[in-house]
Each structure stands twice: as C-alpha cells, then as structure tokens.
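> Please find the sequence and the predicted model below.
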Amino acid sequence: MTPLLRLQPGRDRRVKSGHPWAFSNEIVMDAAARALPPGSPVRLEGDDGVKHGIWHFNPHSLIAARILDRQAQAAPDAAWFTARIARALALRERLGLARHARLVHAEADGLPGLIVDRFDDVIALQANTAGMEAATPLIVEALRELLNPRSILARNDSAVRGLEGLPLETRLLHGSEAQARVEEGGLAFAVDLLSGQKTGWFFDQRENRARVAALAKGATMLDAFCHTGGFGLMAAKEGARQVTLLDRSQPALDLALASAAANGLADRVTARRGEALETLERMIGAGERFDVVVADPPAFAKTRKDIPAALRAYQRLARICAQLVNPGGFLFIASCSHHAAPPEFAAAVAEGVWRARREARLLASTGAGPDHPVHPMLPESAYLKGQLLQLA
C-alpha cells in the first residue's frame, strides 16, 4: 500500500491552494518518513484529514514532495505514465508540434521534474528528481508504447539533480543510435544528443527564432552564443545577406556549419570561435557592425544568490551588443535564468542599452513557445525571457 504522510498542523495552506510542491518543513518528517527511499510515491494528507493525492517524495530534498495526481487512489504505474505522456502528446499534436518539440515540460504537464524532447524517432529525456529517476523504466516503457522511437537517451547531466542526491550521467536507455536531427522552419539541423547543451536543441526559442528571422532579409547578422546556429541559420534561410556565428564550442560550430551546408546556406554563413563577451568587445574595437544582433547566453544566475551579479552581466552584455548594432538595426537578447525575474531582466537590458548611448524601441518581450507550458502556481517555470529592440 502507498505510504501515508501528513502535513504539519497549520502548514497546508499552499498545498490546499493548488501548489504542486510541499517543502520538508511542511511535512511531518518522522522516522518512518525519513526511512522512505528517495522517489517513493506517497499519499499526502493534511492534519485535518483532507486528502491531497499521490506525490513523489524525497526525504533528503528541500522540495520534499511533488504532486503526481490529485486522486488518492491513483497508482503511478506504467499505465498511469502512458496516460499522462499521451495527454502531453495530444497537446503538442493540437499545436502542430508533435514530431519535433518539447514533449513533456515537468510540472506543467503533470510530470514533475521530467523533461522529454522529441526529435522525430529519437527521444531525449532528463529526470531531475528522485521520483522521475526511479520511474525512468516506466517512462521508457510508456514512450516505446506511444511512439516506438528508434532510440531513447537520458541526458541526466543537469546540475539540479545534485539537489536530489542524484549522479550526473548521459546514457542510452533504448536503441543504439544517438544521431538525430531537428526540423524547424523548413530547415534540418544536426543535433548532438550525447554531448550538446541541455537535451541537444533549444526548442523554447522556436518562436523567437522566427520573429528575428522575419527581420533579417537583406541584413547582416551576428548570432552570439549561437550553439548549433538556430537563430543564424533561420535568418539566412529568410534572406540574411551574411551571418556570423559566434560560440566557444568548436563541436557546436562544426554542427552549425554542417547544417548550413546541408541546407544550401554555406555561402552566407561563417563561424568564429571564442569566448563571447571578449570576442564581442574586440569586434567593437575593430569597427564591426551588424543589422541584427542576437545574444542568447547560458544562464548567468544558477542560484538566487547569483542574481545581483547576473543582472550586472546582462546589463554589460546589452551594453556591448548595442554598440554592435547599426542604426535602425535590431537587438534580441535572452535570459534562461529563472531566478532573474522578467522585470529585473528588462531593466538590466534597458540600462545596458542606455549606457551604450543608444535610443531604443521595445518591440516585444517574449518567452518560450507553447510546447513549454507554465504551471500557474510556479511562475519560476516561465524561465525564458527575451527582449527584442530596434536601436536608433
């Protein structure tokens, strides 16, 4: 029988309000609770007897419990995971994004701590909690039943796994191939699922890539922190005259250039390897300027204590990039640091642009695409922020 845990007297307000997490100081952590293996499914009740459903529990984590199902009689078995993933798949099909998309986005899809990205017949998953780590065989079974993929890989190399006491690893869970490609906007991109960043592709920027590419016809463009060149190649496809890709990873640049060649764009795409901020400052000194500049850096704020330094870094990045934009050109700058709130990020970008002595018009404040839904009770899950500006 599924173990029963109780909330502390008077500590059930957040859970009753629909929040998907319960913290360790809200749960009666007696000897029996502490002895449960990390990732165990448990029933959670208030001290008033109100049943709050089935949760994944980790006695060693600050976020001790994460909601799976509001029905106390639910059993998170293979059939349950198949139904829950099928529900997520149905949404992506309705959005027209089923074959190349974020298939599962953690709490917002009712699968806390689980990320699943689909590259047609290859799937990458990331289990960021002890519960999803323990349930991985059931998840693989569900994915095979629903999609019959050629391969399934675990990209369990996210630092947040350390908070759950989990090791970092990347491995094949099903099949023998790690090669994949993603299709977007009429282009095909090679994807490195074993050693690329995150799960190999940033599906969250899909709408932003299209928005920027629509401004790039006949333009020169700089795609900084380009990874495998999504922004730059989309702009080239939409008619950019010349695209410069900048990243510190040679393997990522090699994939970007291979994709450019495969899509008939090699004559308009060049790559430059280097640390982005240092290289950007050298570009300013060399008098290089572009009609469109994109800066999509890795997260500057890994924890809350990093926020002040991160906001200074975003301000500096905006200041540097603004100096590289031709008059009348466009700057798109993004943050994937969920600890940096949207108003703080927007203020840092505005300050940086002003310090570059550039007048700006804000055209859009953006986020992730609809295959990255947000849980209404978890504003931090709206992690991606973008600012699109035209500079005078």
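Okay, I see it.

> so where's the chain shaky on pLDDT?
Counting by pLDDT under 70, the chain contains low-confidence residues at 196-199.

> Kindly recompute the last result at 90.
Within the chain, the ranges that satisfy pLDDT under 90 run 1, 98, 158-160, 176-179, 190-200, 298-307, 337-341, 379-382.

> Compute the number of surrounding residues for residue 10.
By other CB atoms under 10 Å, 10 other residues sit near residue 10. All C-beta spots, glycine's among them, are computed from the backbone N, C-alpha and C.

> That one belongs to a helix, doesn't it?
No - under DSSP: H, G, I helix; E, B strand; the rest coil, residue 10 falls outside any helix and is assigned coil.

> Contact partners for the residue nearest to it when sequence neighbours are not counted?
With CB to CB, 6 or more residues apart in numbering as the criterion, residue 10 has its nearest non-adjacent residue at 8.0 Å, and that residue is residue 47. Counting by CB atoms under 8 Å, 6 or more residues apart in numbering, residue 47 makes contact with 6-10, 12.

> Phi first, then psi, for residue 47.
In terms of degrees, to the nearest 10, the main-chain angles of residue 47 are phi -70, psi -10.

> Start the count at 13 instead of 1 going forward.
Happy to do that; since the first residue is 13 now, the last one works out to residue 59.

> now for the helix or strand harbouring residue 292, which elements pack on it?
For residue 292, the host element (DSSP states H and E) is helix 288-297. Other elements packing on helix 288-297 under the criterion 3 or more CB pairs under 8 Å, 6 or more residues apart in numbering; DSSP states H and E are strand 232-236, strand 254-259, helix 319-334.

> okay but residue 278 is in contact with residue 269, surely?
Yes - using CB atoms under 8 Å, residue 278 is in contact with residue 269, at 7.1 Å.

> Show me which of those two is the more surrounded one.
residue 269 (20 against 14).

> Go through the helix or strand that one falls within and flag the buried ones.
Using DSSP H and E, residue 269 sits within helix 262-274. Residues of helix 262-274 classed as buried: 264-265, 267-269, 271-272 (neighbour count, 16 or more other CB atoms under 10 Å).

> now swap in stretch 342-361 and tell me
342-354, 356-358, 360-361.

> domain assignment for this protein?
Using automatic domain parsing, the domain parsing of the chain gives 16-81, 90-189, 214-403.

> got those domains as TSV, with distance to residue 205 columns?
Formatted as TSV, the domains of the chain follow (distance: least, CB to CB, whole Å):
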stretch	distance to residue 205
domain 16-81	25
domain 90-189	5
domain 214-403	11
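
> Which one, of these, ends up nearest to residue 195?
Smallest distance to residue 195 across the domains of the chain (CB to CB): 5.2 Å, for domain 90-189.

> CA atoms only for the longest helix seen in the chain - export them in CSV, please.
The longest helix of the chain (DSSP state H) is helix 90-107. This file holds the C-alpha atoms of helix 90-107, laid out as CSV (Å, rounded to 0.1, in the frame of the first residue of the first chain):
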residue,chain,number,x,y,z
ALA,A,90,3.2,2.1,-16.4
ALA,A,91,-0.4,2.7,-17.4
TRP,A,92,-0.5,5.9,-15.5
PHE,A,93,2.7,7.2,-17.1
THR,A,94,1.4,6.2,-20.5
ALA,A,95,-1.8,8.1,-20.0
ARG,A,96,0.0,11.2,-18.7
ILE,A,97,2.5,11.3,-21.5
ALA,A,98,-0.3,10.7,-24.0
ARG,A,99,-2.1,13.8,-22.7
ALA,A,100,1.1,15.8,-23.2
LEU,A,101,1.5,14.4,-26.7
ALA,A,102,-2.1,15.3,-27.6
LEU,A,103,-1.5,18.9,-26.7
ARG,A,104,1.6,19.1,-29.0
GLU,A,105,-0.4,17.5,-31.8
ARG,A,106,-3.1,20.1,-31.3
LEU,A,107,-0.3,22.8,-31.5
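
> contact partners of it?
With CB under 8 Å, 6+ apart, helix 90-107 has contacts from 80-81, 86, 110, 113-117, 121-123, 128, 130, 147, 150-151, 153-155, 157-159, 382-383, 385.

> before we move on, the earlier item: would you show me how to pick out the buried ones of the contacts of residue 59 in ChimeraX?
If you want just the buried ones from the contacts of residue 59 in ChimeraX, going by 16+ other CB under 10 Å, the selection is:
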select :18,19,24
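
> Out of the contacts of residue 59, which two sit at the greatest distance?
The widest separation within these (CB to CB) is 12.2 Å, between 18 and 22.

> now the residue lying farthest from the centre of the chain: how far from residue 17?
In the chain, residue 60 marks the outermost C-alpha relative to the chain mean, sitting 38.3 Å out by CA atoms, centre = their mean. According to CB to CB, to the nearest Å, residue 60 and residue 17 sit 14 Å apart.

> do residue 129 as well
On the measure of CB to CB, residue 129 and residue 17 end up 32 Å apart.

> cool, residue 101 as well?
31 Å.

> likewise residue 66?
Counting by CB to CB - residue 66 and residue 17 are separated by 11 Å.

> Over to residue 321?
Counting by CB to CB - residue 321 and residue 17 are separated by 38 Å.

> Residue 78 too?
Residue 78 is 13 Å from residue 17, by CB to CB.

> Give me the common contacts of these two.
By CB under 8 Å, 6+ apart, the residues touching both residue 78 and residue 17 are residue 67.

> Only the buried residues of the longest helix of the chain, if you could.
Neighbour counts using 16+ other CB under 10 Å place 90, 92-94, 96-97, 100-101, 103-104 of helix 90-107 among the buried residues.
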